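>>> sequence first, then the predicted structure, then my questions.
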Amino acid sequence: DEVFASIQIQGLQSEGYSVQHVTTGETAIEFCKTNFDSVDLILMDMDLGTGFDGANAAIEILKFMQIPIIFLSSHVEKVMVEKVEKIASYGYVLKNSGITVLAASIRMAFKLHEANSELSKEKEHLKSILLTAMDGFWLVDTQGKLIEVNDIYSKMSGYTLPELLGLHISDLEDVETKEEIAVHMKKIIEQGKDRFESRHRRKDGSIFDVELSVQYRSFDGGSFVVFIQDISKRKKEEEIVLENELKLKTILENILDAVLIINRRGIIQLANKSTETIFGYTASELIGKNINMLMPNPYKDEHDSYLLNYLETGKKKIIGIGREIVGIRKNEEIFPIELAISEWKFKNEIFFTGTVKDISYKKTVEEQLKQSQKLEALGQIAGGIAHDFNNILAILMGNLELIQRKIPSDNPSMLKKIESSLNVVERG
């Protein structure tokens, strides 16, 4: 054995390795304890004489340091190989394999140790994430079973950690069936990752909305790293926003006045159904265009400067006041409108809402009323004149009748003239 060891040492030194040789298991253990930082790999002979054999010495060393160990032995018995496999070994080399095989085994052992170290670091990293993550966390095997879960998800779901470990995803998933989950997992393996929304079941049977971010790790047999965020509050807020949007849309679509929303540049952001009816444009023709397309000149050319002046000075001329102006339809018909404008902000952006009432009919009725009032006034004047004239005629008639009585009967010519005058007064 001393001769064999000497040959192996020389061969390894020729490969560029620095070699320290000890002859017993106890010495090997002590050497590793005192030279912890200078030992990179151990070649362990299975036969070390009395005391610790190679396997037991390796077990003791691995208790205080993680290091690659290659076993050297002349034994080929199955029981010996199985004994070594139970230890975290990096190879089993027969003593007569030669320096080339041994050097190759050492190189492979270093690579394997490096890979295992990286894997250990990754596991430690995942463990730290598991402990500190604000979201729920799963580590899932390729069969869909939970092998790691954090406290956050335990609180989300109402299950204890021991209850969660070993559960299948389908035991918690409310949207996908077990078969659909298997298909989804296969897709994630192909893509490497996925992000999606779903719903989970708590232990008490209640449902909560979740967003899952999944990444597939191919090493160590394959696994899925899953982060789960409870988005129930967000979904509820989204439902409220959607409900309010539907209510607003219903109101806007049923209101008789045109309603338009523009941004600070005068670009139309929204137009309701009545806008289409009043102006003749569809909403798609209006949205994204300047509001001045609904104004005849000179308002059209002046609008942008009015808007800019307000934004710079804050001086209001029409905002919050309202007034009557004119608009122009798609067919170029100019018509009277009543305009009211309000200003509001959303996410630090300024918007304006304009409410437009078509007052064409109102103006027509007002004009008709004016004409009617004029005629009524003329009628009153005429009635007054007629009344005064009738009074005059009554006086004339009375006087003519008195004269008629005074005229002698032998003056037929005068009586005839008086009679004629009375007839004229009666006709008046």
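In hand now; what should we look at?
>>> mind listing the strands for the stretch 51-200 of the chain?
Under the criterion DSSP state E, counting those that start in this stretch, strands of the stretch 51-200 of the chain are mapped to 69-73, 92-94, 136-141, 146-149, 193-201.
>>> what's the end-to-end length of stretch 287-300?
17 Å (Cα to Cα, to the nearest Å).
>>> for that stretch, buried residues please.
Residues 290-296 are the ones in stretch 287-300 that count as buried (16 or more other Cβ atoms under 10 Å). C-beta coordinates here come from the backbone N, C-alpha and C atoms, glycine included.
>>> what is the nearest of those residues to Asn254?
For the buried residues of stretch 287-300, the residue nearest Asn254 by Cβ to Cβ is Leu294; the value is 21.3 Å.
>>> how close does the closest one get to Glu285?
Plainly put, Leu294 is 11 Å away from Glu285 if you go by Cβ to Cβ, to the nearest Å.
>>> also Leu308?
25 Å.
>>> can you give me the helices in the stretch 201-350 of the chain?
Counting by DSSP state H, counting those that start in this stretch, one finds helices in the stretch 201-350 of the chain at the ranges 232-254, 273-279, 283-286, 299-313.
>>> that should have said the stretch 1-150 of the chain, apologies.
2-14, 25-34, 54-61, 78-85, 99-132.
>>> packing partners of the third one?
Right, the one you point to is helix 54-61. Applying 3 or more Cβ pairs under 8 Å, 6 or more residues apart in numbering; DSSP states H and E, we find helix 54-61 packed against helix 25-34, strand 42-45, strand 69-73.
>>> in CSV, list these along with distance to Phe279.
Formatted as CSV, the helices and strands packed on helix 54-61 follow (distance: least, Cβ to Cβ, whole Å):
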stretch, distance to Phe279
helix 25-34, 90
strand 42-45, 88
strand 69-73, 86
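>>> and the ones you listed as TSV, adding mean pLDDT and mean neighbour count?
Formatted as TSV, the helices and strands packed on helix 54-61 follow (pLDDT from 0 to 100; neighbours: other Cβ atoms under 10 Å):
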stretch	mean pLDDT	mean neighbour count
helix 25-34	91	17
strand 42-45	89	22
strand 69-73	86	21
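>>> before we move on, back to that, which of the helices of the stretch 1-150 of the chain is buried the deepest?
helix 54-61 (a mean of 20; mean count of other Cβ atoms under 10 Å).
>>> state the mean pLDDT of that one.
For helix 54-61, mean pLDDT is 89.
>>> what do you get for stretch 354-371?
Rounded mean pLDDT across stretch 354-371 is 85.
>>> then it to PDB, C-alphas only?
Extracted in PDB, the C-alpha atoms of stretch 354-371 (Å, rounded to 0.1, in the frame of the first residue of the first chain):
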ATOM      1  CA  GLY A 354     -68.600  69.900 -22.100                       C
ATOM      2  CA  THR A 355     -72.300  69.500 -22.100                       C
ATOM      3  CA  VAL A 356     -74.000  70.600 -25.300                       C
ATOM      4  CA  LYS A 357     -77.800  71.200 -25.700                       C
ATOM      5  CA  ASP A 358     -79.200  71.800 -29.100                       C
ATOM      6  CA  ILE A 359     -81.500  74.800 -28.700                       C
ATOM      7  CA  SER A 360     -82.600  75.100 -32.300                       C
ATOM      8  CA  TYR A 361     -86.200  74.300 -31.300                       C
ATOM      9  CA  LYS A 362     -86.100  76.600 -28.400                       C
ATOM     10  CA  LYS A 363     -84.800  79.500 -30.600                       C
ATOM     11  CA  THR A 364     -87.600  78.800 -33.100                       C
ATOM     12  CA  VAL A 365     -90.300  78.800 -30.400                       C
ATOM     13  CA  GLU A 366     -88.800  82.000 -29.000                       C
ATOM     14  CA  GLU A 367     -89.000  83.700 -32.400                       C
ATOM     15  CA  GLN A 368     -92.500  82.500 -32.900                       C
ATOM     16  CA  LEU A 369     -93.400  83.900 -29.400                       C
ATOM     17  CA  LYS A 370     -91.900  87.200 -30.300                       C
ATOM     18  CA  GLN A 371     -94.000  87.400 -33.500                       C
END
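>>> contact partners of that stretch?
If you take Cβ atoms under 8 Å, 6 or more residues apart in numbering as the criterion, stretch 354-371 is touched by 257-262, 275, 278, 291, 324, 327, 335-341.
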